[in-house]
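[1] Kindly return the folded structure for what I paste below:
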Amino acid sequence: MNMESVKDEVALRASAISLAFSLESPFLLRCALRLKIPDIIWKAGRDVSLSVQQIAAQLPSEDPDLGALSRILSYLSTMGILQAVKAEEEGINMKYGLTNLSKSYFTSEDINPRSLVPLVLLQTHPAYVTAWANIHERVLHGGDNWKKSSGNGKDFWSFAGSDPKFSAIFNAGMVAVTKATMEDVLAVYDGFKDVNTLVDVGGGHGDALSLIIDAYPHIQGINFDLPQVIATAPTLPGVQHISGSLFETAAPSADAIFMKNFLHSWNDEDCIKLLNNCYHSVPHKGKLILSEAVLDLTEGYDMIESANIVDAVMLNCLPGGGERTRKQWTELLQAAGFSLSKIVGRKGTVTKVIEAIKC
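    This is a model prediction of the structure:
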């Protein structure tokens, strides 16, 4: 018997089993975040490690299951979210401390304003899970997977608009993405410097626009989103909130229009309608600035995998949504009267900045 082939077979089998159990990781992470375990350790001290008993004492329960907690902490250490440290005290096997990865998972914004906790809670929400469980129906019959499964007859946007709790989780998740994305955008793109008025289409509560204005205080910002979104938008320095739908009306007039992770929600036909309503709102040579994923097979396996994951989320939730290649972005923009000027982005990030000029 060829031992190398046996080793290969064992490795393949182990990989296959690992994939079968890959669902557990995000839900055990969700468990840790619901229990605020990283926050508990942080409050004890940045370089402090705590025992299972010490962590349990901070949980909102009079009789926590120490065995269950111990097993979850052990798993979190294998994920790199916590660090397992052999305890020196008698009767204690392990203590758990923080890692560099832990800072992404603090629930308190006072500790980390760029926490990804809301995104984890969104991606593990029961409505998302139900849709994933039925994704094969999208392949077999096409159509709107969300509407047929999680939405109970409502598409994603209608479902979010009718369920305040889900809407709050979704908005918080998008704010988390915005904070992470805008750090990359502002690091690689300086095209805002010659813009005096800027409209953010689909800008939610104005978080992205506020970060842009922090970096470029001369800009007068207009946050343009649906009425139900603008109704709960806070007052922000330099930001004017205007409600409306880009499908129904032109965007407010400005030197430039910014859209972040917006057009990937729609098919080409819908995107051209949206872009036409942007075209009439900017002057000749006015800018259209997009923050979107760009599929690029030359960027290496990790980037291709990340882009495909985002694309799969669109497939799951939005019937026309999806990511695009540079060629597809170029053709889409040209169809709406814009010329692609440049695409820039940090190495190792899927989301790029796409600048287009009105022809």
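
[2] contacts and neighbour counts: CA atoms only from here.
    Will do.

[3] so where's the protein shaky on pLDDT?
    Filtered on pLDDT under 70, the chain yields the residue ranges 1-7, 90-91, 297, 299-303.

[4] any idea which helix is longest in it?
    helix 164-188 (DSSP state H).

[5] going on from that helix, what's the next piece of helix or strand?
    strand 197-201 (DSSP states H and E).

[6] How about residues contacting the longest helix of the chain?
    114-122, 160-161, 204, 207-208, 211-212, 215, 291, 344-346, 351-353 (Cα atoms under 8 Å, 6 or more residues apart in numbering).

[7] again, only using 7 Å
    With contact meaning Cα atoms under 7 Å, 6 or more residues apart in numbering, helix 164-188 is reached by 114-116, 118-119, 122, 160-161, 207-208, 344-346, 353.

[8] would you turn those residues into a markdown table with neighbour count and distance to residue 269?
    Shown next, in a markdown table, are these (neighbours: other Cα atoms under 10 Å; distance: Cα to Cα, whole Å):
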| residue | neighbour count | distance to residue 269 |
| --- | --- | --- |
| 114 | 21 | 35 |
| 115 | 24 | 35 |
| 116 | 22 | 33 |
| 118 | 22 | 32 |
| 119 | 20 | 29 |
| 122 | 22 | 28 |
| 160 | 18 | 23 |
| 161 | 16 | 24 |
| 207 | 21 | 28 |
| 208 | 23 | 26 |
| 344 | 14 | 25 |
| 345 | 20 | 27 |
| 346 | 14 | 30 |
| 353 | 23 | 22 |
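
[9] distance of residue 305 from residue 243?
    36 Å (Cα to Cα, to the nearest Å).

[10] got it, and residue 148?
    From residue 148 over to residue 243 (counting by Cα to Cα), the distance is 29 Å.

[11] for stretch 275-295, which positions count as buried?
    275-279, 281-282, 286-295 (16 or more other Cα atoms under 10 Å).

[12] could you pull out the strands for the stretch 151-300 of the chain?
    197-201, 220-225, 239-243, 256-260, 287-295 (DSSP state E, counting those that start in this stretch).

[13] Just to be sure, which of the contacts of helix 164-188 are found in helices?
    Per DSSP H, the contacts of helix 164-188 map to helices at 118, 119, 122, 160, 161, 207, 208.

[14] Could I get the contacting residues of the fourth one?
    In this structure, residue 160 makes contact with 166, 167, judged by Cα under 7 Å, 6+ apart.
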